[in-house]
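Novice: The sequence and its predicted three-dimensional model are supplied below.
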Amino acid sequence: MFENLSERLGGVFDRLTKAGALSEADVDAALREVRTALLEADVSLEVARSFIRAVRVKATGQAVTRSITPGQQVVKIVHDELVRVLAGDGEAEALKIDNPPAAVLMVGLQGSGKTTTTAKLAKRFKEKLGKRVLLASLDTNRPAAMEQLAILAGQIGVDSLPIVKGESAVQIAKRAKTQGAMGGYDVVFLDTAGRLHIDDVLMDEITAVRDIAQPRETLLVVDGLTGQDAVNVAAEFDGKVGISGVVLTRMDGDGRGGAALSMRAITGKPIRFVGLGEKMDALETFEAERVAGRILGMGDIVALVERARETFEAEQAERMAKRFAKGLFNMNDMKAQLEQMVKMGGLAGLMGMMPGMGGMAKKAEAAGINDRMLVRQIALIQSMTKKERANPDVLAASRKKRIAAGAGLEVSDLNKLLKQHQQMADMMKKMGKGGGMKQAIAQMMGKGGMPDMSKLTPEEMAEAAKGMGQGMNMGGGFPGMPRGLTLPAGLSGMMKKK
């Protein structure tokens, strides 16, 4: 998310923070580069100009030029202004789903990802908010649209409105409203039809459905890859139908991200969620502080820890902590660690959430350190027998050849894995001696007073992340990685060697 913009701004701020003192000319030169970066990221000209004006006023005062760390002061000013642009002038109200059955109207152009996003939101409401959800497809135009939503509903374990052929969108909305009330549902999602472009037929249909359903929320789903035109689409829908929030999809792609920066400033509507993939759990709440941190390479430790808690069961964590405290770490443990990393979004996803590591993703990819490597390593471990996993020391040359052949890889790949395992085992023994591992796992699971980083300044956030990462750096882990979230030791060393 925002990879290109983050890379460009990172280069500008690296030069700023390395300078001992800043003149107004230095700040002006940096802001010209920031303005170019914003425009290249598809941020609207109006928003880019306003952004630069606001930053220049704050960045050219004596407080900055006489500061001990003027470069960092400018970065903080840019961070704060990014938050203001992304969040607007006031905090967005919570979603209005407190009056059951609350109707949520999903609107947008065809191909924006409405149906998938509807299912993702339903899953989130069911699992995180404990809501009873009903899905209803009002798309009578696209072939198999209703069947698609019904299949997704079955996959995530929520109910869908039975399909009745020949009904209009308005008739389906009436039936969904009745079923929602009679069935005791908390939330009813209405997935409307889309078009390839905005036309009167589309708007008339959505307006009629809106009048019948009287939705508590009308969420516009916009494809983040459409760039600046996404803002125009949002303005059109808001003017003709009225929207209460925006969901940006495909934000994991190679789009430039400018739509998110322009959306709130131009439409005044909050961005509620961002879609980061096709999987049903690939949806995140849009929080300006954390997104600004990612854009400026400060990472998002809060999201990293949240993702860890979602994928790491407390019992499993306690069990692992006890094993590691005794210095026990075999191939089954390493396989669990590798699978944990895949679940948490893979190497690129993890590095994007670690302070200062966003720019390392491409270097790691070029060095062959990527999610494919994790999959290959898991395949090697799966090719081992139970005895070999429990005690890797028994692996003689003949066994290594068999294991490598079973995974379709070379013996050299297995040797690298065994070396990483040994490094990691040594690290676990060191951390286990003083009871540090149990404390680290407890902190990761929220038992040790995890700081609320969303309320910290960029400097405090970086310092807190640095502190959490010290335990990991013993074994060659990545800087900023929370203690207890272990990456295979030696990966950072491998990148340096490359």
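Specialist: Received, thanks.

Novice: only C-alpha atoms for contact and neighbour calcs from this point on.
Specialist: Will do.

Novice: Just the helices from the stretch 151-300 of the chain, written as ranges.
Specialist: Using DSSP state H, counting those that start in this stretch, the helices of the stretch 151-300 of the chain run over residues 169-182, 200-213, 229-240, 258-267, 288-295.

Novice: Throw these into CSV and include mean neighbour count and distance to Glu147, thanks.
Specialist: Converted to CSV, the helices of the stretch 151-300 of the chain look like this (neighbours: other Cα atoms under 10 Å; distance: least, Cα to Cα, whole Å):
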stretch, mean neighbour count, distance to Glu147
helix 169-182, 19, 14
helix 200-213, 16, 20
helix 229-240, 18, 26
helix 258-267, 24, 31
helix 288-295, 23, 35
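
Novice: right, and Ala292 touches His79 too?
Specialist: Yes - Ala292 is within contact range of His79, at 6.1 Å (criterion: Cα atoms under 8 Å).

Novice: is it true that Gln214 touches Ala103?
Specialist: Yes - in this structure, Gln214 is within contact of Ala103 by Cα under 8 Å, at 7.1 Å.

Novice: neighbour-wise, which of those two wins?
Specialist: When neighbours are counted by other Cα atoms under 10 Å, Gln214 and Ala103 differ, and Ala103 comes out ahead with 26 against 15.

Novice: Just say helix, strand or coil for that one.
Specialist: strand (DSSP: H, G, I helix; E, B strand; the rest coil).

Novice: Any figure for the gap between it and Gly180?
Specialist: 9 Å (Cα to Cα, to the nearest Å).

Novice: With only the CA atoms kept, save the top helix by length along the chain in CSV.
Specialist: Determined from DSSP state H, the single longest helix within the chain is helix 411-433. Below are the C-alpha coordinates for helix 411-433, written out as CSV (Å, rounded to 0.1, in the frame of the first residue of the first chain):
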residue,chain,number,x,y,z
VAL,A,411,20.5,-30.3,-1.2
SER,A,412,22.1,-26.9,-1.0
ASP,A,413,18.6,-25.5,-0.2
LEU,A,414,18.2,-27.9,2.6
ASN,A,415,21.6,-27.1,4.0
LYS,A,416,20.6,-23.4,4.1
LEU,A,417,17.5,-24.3,6.0
LEU,A,418,19.4,-26.4,8.5
LYS,A,419,21.8,-23.5,9.1
GLN,A,420,19.0,-21.1,9.7
HIS,A,421,17.4,-23.7,12.1
GLN,A,422,20.7,-23.9,14.1
GLN,A,423,21.0,-20.1,14.3
MET,A,424,17.4,-19.9,15.5
ALA,A,425,17.8,-22.7,18.0
ASP,A,426,20.8,-20.9,19.5
MET,A,427,18.8,-17.7,19.7
MET,A,428,16.0,-19.5,21.5
LYS,A,429,18.4,-20.9,24.1
LYS,A,430,19.8,-17.4,24.8
MET,A,431,16.3,-15.9,25.2
GLY,A,432,15.0,-18.9,27.3
LYS,A,433,17.7,-18.7,29.9
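
Novice: Could I get the buried residue list for it?
Specialist: Buried residues in helix 411-433, counted by 16 or more other Cα atoms under 10 Å: 411, 414, 417-418, 420-432.

Novice: For the chain, which segments are assigned as strands?
Specialist: According to DSSP state E, the chain carries its strands in the segments 102-107, 133-137, 159-160, 187-191, 217-223, 245-249, 271-275, 283-285.

Novice: Arrange the ones you listed in JSON lines, one row each, with mean pLDDT as further columns.
Specialist: Compiled in JSON lines, the strands of the chain are given as follows (pLDDT from 0 to 100):
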{"stretch": "strand 102-107", "mean pLDDT": "94"}
{"stretch": "strand 133-137", "mean pLDDT": "95"}
{"stretch": "strand 159-160", "mean pLDDT": "94"}
{"stretch": "strand 187-191", "mean pLDDT": "95"}
{"stretch": "strand 217-223", "mean pLDDT": "91"}
{"stretch": "strand 245-249", "mean pLDDT": "89"}
{"stretch": "strand 271-275", "mean pLDDT": "88"}
{"stretch": "strand 283-285", "mean pLDDT": "84"}
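
Novice: which residues touch Leu414?
Specialist: Contact analysis of Leu414 by Cα atoms under 8 Å, 6 or more residues apart in numbering lists 377, 380, 400, 404.

Novice: Would you list the phi and psi of Gly130?
Specialist: As for Gly130, its main-chain torsions (degrees, to the nearest 10) stand at phi 70, psi 30.

Novice: Format the helices of the stretch 151-300 of the chain as TSV; extra columns: distance to Ala87 and mean pLDDT.
Specialist: TSV is the format used below for these (distance: least, Cα to Cα, whole Å; pLDDT from 0 to 100):
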stretch	distance to Ala87	mean pLDDT
helix 169-182	33	93
helix 200-213	27	90
helix 229-240	16	85
helix 258-267	7	77
helix 288-295	5	73
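
Novice: Relative to Val83, which of those helices is closest?
Specialist: Of all the helices of the stretch 151-300 of the chain, it is helix 288-295 that lies closest to Val83, at 5.2 Å by Cα to Cα.

Novice: where does the chain dip in pLDDT?
Specialist: Counting by pLDDT under 70, the chain contains low-confidence ranges at 1-23, 61-72, 89-93, 253-257, 294, 296-318, 344-370, 431-498.

Novice: So which residues of the stretch 301-450 of the chain form helices?
Specialist: Going by DSSP H, counting those that start in this stretch, the stretch 301-450 of the chain shows helices at 301-311, 314-325, 331-343, 346-352, 360-366, 371-382, 386-390, 397-407, 411-433, 436-444.

Novice: hmm, back to that, kindly reformat the helices of the stretch 151-300 of the chain as CSV containing distance to Ala94.
Specialist: As requested, these are exported to CSV (distance: least, Cα to Cα, whole Å):
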stretch, distance to Ala94
helix 169-182, 22
helix 200-213, 20
helix 229-240, 19
helix 258-267, 16
helix 288-295, 15
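
Novice: Ala122: which of those helices is closest?
Specialist: helix 169-182 (14.1 Å).

Novice: helices or strands up against the closest one?
Specialist: In terms of contacts (3 or more Cα pairs under 8 Å, 6 or more residues apart in numbering; DSSP states H and E), helix 169-182 is packed against strand 133-137, strand 187-191, helix 200-213.

Novice: Redo those as CSV? Include distance to Leu395.
Specialist: Below are those laid out as CSV (distance: least, Cα to Cα, whole Å):
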stretch, distance to Leu395
strand 133-137, 52
strand 187-191, 55
helix 200-213, 65
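
Novice: closest to Ala29 out of those?
Specialist: Shortest distance between Ala29 and the helices and strands packed on helix 169-182, using Cα to Cα, is found for helix 200-213: 46.1 Å.

Novice: which strands and helices sit next to the closest one?
Specialist: Applying 3+ Cα pairs under 8 Å, 6+ apart, we find helix 200-213 packed against strand 102-107, helix 169-182.

Novice: Which of the ones you listed sits closest to Arg372?
Specialist: Nearest to Arg372, of all these, is strand 102-107, at 35.8 Å by Cα to Cα.

Novice: Which residues does the closest one contact?
Specialist: With Cα under 8 Å, 6+ apart as the test, strand 102-107 has contacts from 96-97, 114, 118, 177, 186-194, 206, 210, 213-221.

Novice: Among those residues, name the buried ones.
Specialist: The neighbour-count test (16+ other Cα under 10 Å) marks 97, 114, 118, 177, 186-194, 206, 210, 213, 215-221 as buried among these.
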